[in-house]
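**Q** how would this look folded up:
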Amino acid sequence: MNTNATWFSETNVPDASTAILVGEVESQILEKSKLEYQRGILVVSIEETHLQSDSQLLFLDPNSNKERILSSLSEFFILDSIHPPEVKVSFSIQRDTTKVYENFVHLALNEIDTLLRARRTRKETGFIRQLQIFSNLDGYLLNRMPEEWKNLCQNHLAIVVGAGPSLDVTLPMIKEGLPPSVIIAADSSLKALAKENICPDFVVSIDPEKSFESCSEPNFSPGTVILSSQSHSSWSQKWDKKCFISGRVICEDWLSEKGIGKTSLMAINNSGLTALAFADFLSPAAILLVGMDLAGGGDGRIRYAKNTGRSNIEIDATIFHEIPGNYAKKVPTPFYSDWKETSDASARYSKKRSIINLNDRGALLEGSSLVHPDDFRDVKQLLCDNLSSFEKRNEEIFLQRRAITGMGLMQILALMTSICDQIWQEIETESTNSNFGSILKEIFASKDNASLLGDFAFSVMPTLATNELTKTFEMEKDQLKVLLWKLEDGILKCDPPEDFVLRFLTEKFS
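**A** Got it, this is the predicted structure:
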């Protein structure tokens, strides 16, 4: 250890404007830090030595409950929407208070890791996500999931098929010996299901960058596909029977304000978790999980089973989190939030119905009953004895959809067309303004414009605020034009009446 070092440990974040200082900090070091991190400093200490009033300093007791700590970190992260804070730990933690500071640092670094991934995703995929939203516009407006499906699976078994490494062992085990059940598949499991000649009743895909071709065989599109507005457009193109569910999407929030109600079931985090939520929505007596490992094989980098055809895709991560395992005390995963949300959901759903996790490895899911494949024969018999067979006697219910039609549809299409026209007019002023950043700023000043452009606007705004005078925004200009063209295509795909189309093609909507 360097005895001349100021900090016991510290992270390095280029251009950081905020910092978290852990432990007791001498006043001269604190004053120096205030000059270096001018947007704000969070001092985490059990000592009441920093009570002076200073708008630049925030204070937190590491003995606070977890909710208080997470809330404080979340508020602090807002101070710099571009760069995460640096974390500096003082030598004072080497006393008998080491454990409480270690716990805080571990929690803080986990939250920063989650923040980094969220910000990276927002910046890198904002355009892609919005492009898919406009590609799926007609589907979302005209084919949302109906509430009538809510009790479709009462007194039946729902089987949720994930794509984790254990699927190689467990998938063949559900082919016989179980009562006819509702099978709900996460998208990445489709090739494995095709190999076993298992046709799911529902397939869930919500990832904007995961195409149908990467997950399934060319002619394997069974059952009804459950999509989000951000799903890759290839899924909608491949299925005759499809429906959309809502999600945490800015553009959808705007549509909801305009009268396009959201579905009660929401797309959350990933396809596996959403498939589990959908199974719960159908109100089965029990849910059987297969391939829901939530932790990679080997050293944690193997994400998919071999029978999915995706086992070559290994997890490229620098930080792995140790989480509770099914058969090991701890197992590694880079996707802490995926496991936590799935485990929390399992704990909630298990209060209403049995959740059986058929697995020979993987992460612990709270509330579920773990069954090893060697012990599955007895469980099969128990399920057959107590649950009725699922039969699709009423096919009409599977064709029901929630849609906006008539005058309501025309009003929302007219409003979106009017916004398109206004933005195109703003873009045309570029010839008199060499900095497209100022034009983007003008466009996003309108709440309707920014909300309709949703994820794209949200990804551009932080950069716009910090780099307006130094960045040309040429890429963003091209992306905006592509989005407007795709939005106009989506409006026409809603099949409006001829008089609307004629006006759309020949006039500007005011």
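**Q** Need the contact partners of stretch 464-481.
**A** Applying C-beta atoms under 8 Å, 6 or more residues apart in numbering, the contact partners of stretch 464-481 are 81-82, 127, 423, 427, 430, 435-438, 440-441, 443-444, 453, 456, 460, 463. Glycine gets a C-beta too; all of them are placed from N, C-alpha and C.
**Q** same thing with stretch 191-204?
**A** The contact list for stretch 191-204 (C-beta under 8 Å, 6+ apart) reads 161, 163, 167, 171-172, 174-175, 182-187, 190, 215-217, 220-226, 271, 274-275, 278, 291, 305, 307-310, 392.
**Q** among those residues, which are in helices?
**A** The members of the contacts of stretch 191-204 that map onto helices under DSSP state H are L167, L190, S271, T274, A275, F278.
**Q** ok, of these, which one's closest to A328?
**A** Ranked by distance to A328 (C-beta to C-beta), these are led by L167 at 18.8 Å.
**Q** wait, isn't that closest one in contact with A305?
**A** Yes. Contact status for L167 versus A305: in contact at 3.7 Å, counting by C-beta atoms under 8 Å.
**Q** which neighbours do the two share?
**A** Contact criterion C-beta under 8 Å, 6+ apart; residues shared by L167 and A305: S189, A192, G291.
**Q** which of those has the most neighbours?
**A** Neighbour tally across the shared contacts of L167 and A305 (other C-beta atoms under 10 Å): the maximum, 33 neighbours, falls on S189.
**Q** pLDDT score for it?
**A** Looking at S189, its pLDDT is 96.
**Q** Now do the contacts for it.
**A** For S189, the contacting residues are V161, G162, A163, L167, L171, G291, A305, T308, by C-beta under 8 Å, 6+ apart.
**Q** Please repeat the previous calculation with a cut-off of 7 Å.
**A** S189 makes contact with V161, G162, A163, L167, G291, T308, according to C-beta atoms under 7 Å, 6 or more residues apart in numbering.
**Q** Let's have the residues you listed in TSV, adding distance to K508 and pLDDT.
**A** Formatted as TSV, those follow (distance: C-beta to C-beta, whole Å; pLDDT from 0 to 100):
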residue	distance to K508	pLDDT
V161	50	98
G162	49	95
A163	48	93
L167	54	95
G291	52	95
T308	50	89
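**Q** Now do the same contact list for the nearest residue to S350 once chain neighbours are set aside.
**A** Excluding its sequence neighbours, the residue lying closest to S350 (C-beta to C-beta, 6 or more residues apart in numbering) is G367, at 3.1 Å. By C-beta under 7 Å, 6+ apart, the contact list for G367 reads S346, A347, S350, I355.
**Q** Looking at the contacts of S189, which one is closest to G408?
**A** Using C-beta to C-beta, V161 comes nearest to G408 of those, at 37.3 Å.
**Q** And this structure, what are its domain boundaries?
**A** 9-120, 141-399, 405-506 (automatic domain parsing).
**Q** Counting neighbours, which of the contacts of G367 comes out on top?
**A** I355 (27 neighbours).
**Q** element containing that one, please.
**A** Assigned by DSSP states H and E, I355 belongs to strand 354-358.
**Q** May I have the strands that pair with that strand, each with its orientation?
**A** strand 286-290 (parallel), strand 369-371 (parallel) (DSSP bridges).
**Q** How far away from the center of its chain is that strand?
**A** How far strand 354-358 lies from its chain's middle: 24 Å, per C-alpha atoms, centre = their mean, to the nearest Å.
**Q** Send me it as CSV with only the CA atoms.
**A** Taking Å, rounded to 0.1, in the frame of the first residue of the first chain, the C-alpha atoms of strand 354-358 are listed here in CSV:
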residue,chain,number,x,y,z
SER,A,354,-47.4,-22.7,-6.8
ILE,A,355,-44.3,-22.0,-8.8
ILE,A,356,-42.1,-25.0,-9.5
ASN,A,357,-38.5,-24.4,-10.7
LEU,A,358,-37.3,-27.5,-12.6
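**Q** If you count neighbours, what's buried in that strand?
**A** S354, I355, I356, N357, L358 (16 or more other C-beta atoms under 10 Å).
**Q** Apart from its neighbours in sequence, what residue is nearest the second one?
**A** Read it as I355. In space, I355 is closest to S368, 4.3 Å off (C-beta to C-beta, 6+ apart).
**Q** Might one say that that neighbour is in contact with S354?
**A** No. S368 is not in contact with S354 according to C-beta atoms under 7 Å; the separation is 8.8 Å.
**Q** How many residues are close by S166?
**A** Neighbours of S166 under the rule other C-beta under 10 Å: 25.
**Q** Just name the shakiest helix or strand of the chain by mean pLDDT.
**A** Least confident helix or strand of the chain, by mean pLDDT, DSSP states H and E, is helix 98-135 with a mean of 79.
**Q** Quick one: list the elements packing against that helix.
**A** With contacts taken as 3 or more C-beta pairs under 7 Å, 6 or more residues apart in numbering; DSSP states H and E, helix 98-135 sits against strand 18-22, helix 66-77, strand 86-89, helix 454-467, helix 474-493.
**Q** Please identify the most buried of those.
**A** Comparing those by mean neighbour count (mean count of other C-beta atoms under 10 Å), strand 18-22 ranks first with a mean of 25.
**Q** next SSE after it?
**A** helix 27-36.
**Q** buried residues in that following helix?
**A** Residues of helix 27-36 classed as buried by neighbour count (16+ other C-beta under 10 Å): L30, S33.
**Q** about what we covered before: buried ones among the contacts of stretch 191-204?
**A** By neighbour count, with 16+ other C-beta under 10 Å, the contacts of stretch 191-204 hold 161, 163, 167, 171-172, 174, 182-187, 190, 215-216, 220-226, 271, 274-275, 278, 291, 305, 307-310 as buried.
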